[in-house]
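Colleague: Give me coordinates for this.
(2 chains)
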Amino acid sequence: MPALLEVRDLRVEYHRASGPVVVLNGVGLTLQPGESLGVVGESGAGKSVLARTILGLLQPPWRIVGGSIIFQGQDLLQRSERELARIRGREIALTTPEPRKHLNPVRTIGDSLADVVQAHSRVSRREAYARAVALLTAVGIPDPGLRLKSYPHELSGGMCQRVIIAMGLAHSPKLLLADEPTAGLDVTISRQILDLMHELVNGFSSSLLLVSRDLGVVAHYCQRVAVMYAGQIVEVADVPTFFAKATHPYSRRLLRAAAAARDERRGVSAAMGERAIGGDTECAYVPRCPLAVEACRQQRPALEPLRDGHRVRCIRAAEIASGAVEV
Amino acid sequence: MGEPLLEVRHLVKYFPVDRHRAVKAVNDVSFHIDRGEALALVGESGSGKTTAGRCVLRLIDPTSGTIIFQGRDITAMSQAEFRALRPHIQMVFQEPFDSLNPRMPIGAILDEPLMLANRLTPAQRQRRVRELVEMVRLGPSCLRKYPHQLSGGEQQRVGIARAIATQPDLIVLDEPTSALDVSVRAEILDLLTDLQQQLGLAYLFISHDLTAVRRVCQRVAIMYLGKIVEVGRAEEIFARPLHPYSRALLSSVLYPDPNVKLDRFLLKGEIPSPINLPSGCHLYARCPWARPMCNQAYPPLEELLPGRPVACFRAREENGLVADLQLTPAGESGPAARPLGDDC
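Modeller: Okay, here's the model as predicted:
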């Protein structure tokens, strides 16, 4: 089956007066139709930028300096803004971590939703509103007819996130990019939102790229995981393999920190250490890596296959996987 | 055990919105804490847990109800009387940096409560300050530093050292680890557990983070929209929550392990506004167990198992409990039991 999305060697810079900062440093990933991929890493790793680049939302001072984003056989980076506008919202949709900020504060929910509906289908305003009611019902908002008349400030954070998801799924997109969909929500509401998204994505057989810092979310709502560090993917694996056999020293540290925070036993802790990024000619993780050897400082390692579907960017991956060295 | 260290009876706190409406932040809440016991008040935003904690500290005055600390009603005291009690009730805040004076070095920050308590000579105070930083596992070099020179975890250690300076009996901790990185959270929780055991402290631990609570507290009270819905020993609540809200709260903890099966016990809809509370059970509109009767009246706290008061009309039946308090084996519909640590 051809991949739905294939990102190859994507390079993105942020230009400041003092010079460019490399934010994505050769990111590559593939996503099959109907698959859900979790992108994890600490803040600043480039996860959200990756999602926004795929949707073609970057504007100066951001600059795409290389690579390709092949979506359904076409390179999105070669498309014109008009062509992208036809894809955005219809084929690829994005949900944001701050839903309230992304809803127009002076328009009602109904108006905003109807706009989204009409953006890609030739329907009357009346039909668009009817569709908006159906969408609000689908995302579990009570009294959808009444809610159409509400403004964003009258809704709770969880409701705003539901509206954003409704907008994202208005045209049954092939790919949903969900950026931290539960950031800032209460825990019982988070579970509801995640389950809702999971159901809808499955219902439309859409693919999901879920950006999250929470390994718990990824463990339960994704099929594959990609770990990002300093603008690169350092490990990719399916979820069961990752949680059992994560190999990159950074992935192992992330897992230990997540487990320690959730562990009820005392004495379990794992410090993440200072954030530091290696130079251009060495492994980016060198400054924090407990296993760094001289060879790690000689060149940037490539993302090499370790076993089927499991790739790791570390020259010592085989030693770590075999248990010859402890992380 | 004798009388409890702290007893809160029928605490109510309304914040008026306008002449006719009020936010019913705490709505008839009662609980007690024994000497040396850690009680958690758990709930989501708007549940009233922080407001209840602030009433205990007398940072705000309750609308009604009594708060009895060491046998005396602190709500009836004058500010001067309460000030004399202050060394016995201390607090640790959520934002460590915001709760430390940015213009004071750590040494002075720790000396301040000792000075106010007025029990020690300057030389004794100096010794005590050094002892305190050691107790929270900071080096003496931090005494000359200012808050901004410390990491978030170190700042919170200072906050804890300041709280224990006057040898209090009770510390109110309001989300002490939520502002911290995941990786330092565990260290702070361990420190709190150790101090509680060493010093025989009682904690009122306010948090939305069930995993934090599980590491530190012996007893848990779960709050929803201004009411306590369930109380019990921590290990019992975590093994088998009886109230539907407790169960939903526990099932929303996503363990970073795909092999831990998720309890698909989900609520519907949104948290209602604390201004317009429903007339019946506050969970009515969201609860999968709801029956028409639940919308008629608010369910009273009823002891379904020994030491397990639960405010739910349906909990006895749904949990398969019969009236003589015997447990029937949990079937398919029973809450998923998770392996428990041995020291909850």
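
Colleague: from here on, contacts and neighbour counts on C-alpha atoms
Modeller: Noted.

Colleague: Leaving out sequence neighbours, find the closest residue to the residue in the stretch 1-150 of chain B that chain A sits nearest to.
Modeller: Using Cα to the nearest Cα, residue B:44 is the residue of the stretch 1-150 of chain B that sits closest to chain A, at 6.0 Å. Closest residue to residue B:44 apart from its sequence neighbours, by Cα to Cα, 6 or more residues apart in numbering or on different chains: residue B:208 at 5.6 Å.

Colleague: list the contacts for the residue of the stretch 151-300 of chain B found nearest chain A?
Modeller: Chain A sits closest to residue B:256 of the stretch 151-300 of chain B, with a gap of 3.8 Å, by Cα to the nearest Cα. Contact analysis of residue B:256 by Cα atoms under 8 Å, 6 or more residues apart in numbering or on different chains lists A:215, A:216, A:217, A:218, A:219, A:243, A:255, A:258, A:259.

Colleague: And for residue B:264?
Modeller: By Cα under 8 Å, 6+ apart, residue B:264 lies in contact with residue B:251.

Colleague: So which residue is smack in the middle of chain B?
Modeller: Taking Cα atoms, centre = their mean, the centroid of chain B lies closest to residue B:206, which sits 2.5 Å from it.

Colleague: Could you list every helix and strand that the helix or strand harbouring it packs against?
Modeller: Following DSSP states H and E, one finds residue B:206 within strand B:202-207. Judged by 3 or more Cα pairs under 8 Å, 6 or more residues apart in numbering or on different chains; DSSP states H and E, strand B:202-207 is in contact with strand B:38-42, helix B:49-56, strand B:170-174.

Colleague: Check the burial of residue B:293 by counting its neighbours.
Modeller: The tally of other residues near residue B:293 (other Cα atoms under 10 Å in any protein chain shown) stands at 14.

Colleague: ugh, wrong one, residue A:199
Modeller: For residue A:199, the neighbour count with other Cα under 10 Å is 12.

Colleague: In the stretch 201-327 of chain A, which residue sits nearest chain B?
Modeller: Proximity of the stretch 201-327 of chain A to chain B (Cα to the nearest Cα) peaks at residue A:216, 3.8 Å away.

Colleague: List the contacts of that residue.
Modeller: Here residue A:216 is in contact with A:258, B:254, B:255, B:256, B:257 (criterion: Cα under 8 Å, 6+ apart).

Colleague: repeat that for 10 Å
Modeller: A:255, A:258, A:259, A:262, B:253, B:254, B:255, B:256, B:257, B:258 (Cα atoms under 10 Å, 6 or more residues apart in numbering or on different chains).

Colleague: near chain B, which residues of the stretch 51-200 of chain A?
Modeller: By Cα under 10 Å from any Cα of the partner chain, the residues of the stretch 51-200 of chain A that approach chain B are A:139-142, A:155-159, A:185-193, A:195.

Colleague: Just the buried ones from the residues you listed, in PyMOL syntax?
Modeller: Buried residues among those (16 or more other Cα atoms under 10 Å in any protein chain shown), as a PyMOL selection:
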select buried, chain A and resi 139+140+141+155+156+157+158+159+185+186+187+188+189+190+191+192+193+195
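
Colleague: can you map out the strands along chain A?
Modeller: A:5-16, A:19-31, A:36-40, A:62-71, A:74-75, A:92-95, A:175-179, A:207-211, A:224-229, A:232-238, A:304-307, A:310-312 (DSSP state E).

Colleague: residues in contact with the shortest one?
Modeller: Looking back up the chat, that one is strand A:74-75. Outside strand A:74-75, the residues that touch it by Cα under 10 Å, 6+ apart are A:5, A:6, A:7, A:67, A:68, A:69.

Colleague: What pLDDT is listed against the nearest residue to residue A:14 once chain neighbours are set aside?
Modeller: Distance criterion Cα to Cα, 6+ apart; nearest residue to residue A:14, sequence neighbours excluded, is residue A:62 at 4.5 Å. pLDDT, residue A:62: 93.

Colleague: now swap in residue B:108 and tell me
Modeller: Here, the pLDDT recorded for residue B:108 equals 96.

Colleague: Correct me if wrong: it contacts residue B:142.
Modeller: No. Under the criterion of Cα atoms under 10 Å, residue B:108 is not in contact with residue B:142, lying 11.2 Å apart.

Colleague: residue contacts, residue A:16?
Modeller: If you count contacts by Cα under 10 Å, 6+ apart, residue A:16 has them with A:61, A:62.

Colleague: Can you tell me which residue is spatially central in chain A?
Modeller: residue A:211 (2.6 Å).

Colleague: any idea how far it is from residue A:178?
Modeller: 6 Å (Cα to Cα, to the nearest Å).

Colleague: still on that earlier bit, need the winner for burial among the helices and strands packed on strand B:202-207.
Modeller: strand B:38-42 (a mean of 27; mean count of other Cα atoms under 10 Å in any protein chain shown).

Colleague: in its sheet, what does it sit against?
Modeller: Here strand B:38-42 has these sheet partners by DSSP bridges: strand B:202-207 (parallel), strand B:219-224 (parallel).

Colleague: and the closest residue to residue A:96 other than its chain neighbours, what does it touch?
Modeller: For residue A:96, ignoring the flanking residues on the chain, the nearest one in space by Cα to Cα, 6+ apart is residue A:179 at 5.1 Å. Counting by Cα under 10 Å, 6+ apart, residue A:179 makes contact with A:39, A:47-49, A:51-52, A:94-98, A:209-213.

Colleague: one step back: how about the helices and strands packed on strand B:202-207 in JSON lines, adding mean pLDDT?
Modeller: Formatted as JSON lines, those follow (pLDDT from 0 to 100):
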{"stretch": "strand B:38-42", "mean pLDDT": "96"}
{"stretch": "helix B:49-56", "mean pLDDT": "93"}
{"stretch": "strand B:170-174", "mean pLDDT": "96"}
